[in-house]
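**Student:** just need the structure, nothing else, for what follows:
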Amino acid sequence: MIVRLLASLTVAAIAVAAAPQSASANSLFPGPAGVLATVSLAKQQMDVVVNRGNGVKETYSWKVSTGRKGFETPPGKFRPDYLDEMHHSTKYENAPMPYSVFFNDGIAVHATTETKHLGRPASHGCVRLDKASAEVFFKAVNEIGMMRTAIVVEK
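**Tutor:** As a prediction, this is how the structure comes out:
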């Protein structure tokens, strides 16, 4: 059981590491269900595919704000580290970060009240979404699982 689980996790990690930038949700996961979030730094947009594994596939495209100059959101392929439905920043004056999906050592996809900035870089490195979109993403990751979620940040 443990060996099989480790083998599955290794295959999933290799699939994410080897996936091309334009990877589909099906190519990232060795099974029917998964969440793929692709963040375009150039477009300030996050495209999400939620494959629930029962033939139901949901797709979303949302405006985001990523890291502004000096606080750029790092490109790469990541798995979520942890989820926090109502996080408060430990770095920036206890700022609320609802529906946080953390990845890459403290960077998160989360909701913001600063929706007027969506569509252009404005954060300290996080990927900001409007509250409704952040909730949809958070719930999908929570339901399907962090090990079946990939966050791809592209230039």
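**Student:** contacts, neighbours, all on C-alpha from now
**Tutor:** Noted.
**Student:** sec struct for residue 116, please.
**Tutor:** When classified by DSSP: H, G, I helix; E, B strand; the rest coil, residue 116 comes out as helix.
**Student:** and it, how far from residue 128?
**Tutor:** Residue 116 sits 11 Å away from residue 128, going by C-alpha to C-alpha, to the nearest Å.
**Student:** looking at these two, which is more packed in?
**Tutor:** More crowded of residue 116 and residue 128, by other C-alpha atoms under 10 Å: residue 128, with 32 against 10.
**Student:** now do the same contact list for the more buried one.
**Tutor:** Residues near residue 128 by C-alpha atoms under 8 Å, 6 or more residues apart in numbering: 64-66, 109-112, 118.
**Student:** residue 81 and residue 48, how far apart?
**Tutor:** Look at residue 81 and residue 48: by C-alpha to C-alpha, they are 18 Å apart.
**Student:** ignore the last one, residue 83
**Tutor:** As for residue 83, its distance to residue 48 is 17 Å (criterion: C-alpha to C-alpha).
**Student:** likewise residue 142?
**Tutor:** From residue 142 across to residue 48, the span is 14 Å (C-alpha to C-alpha).
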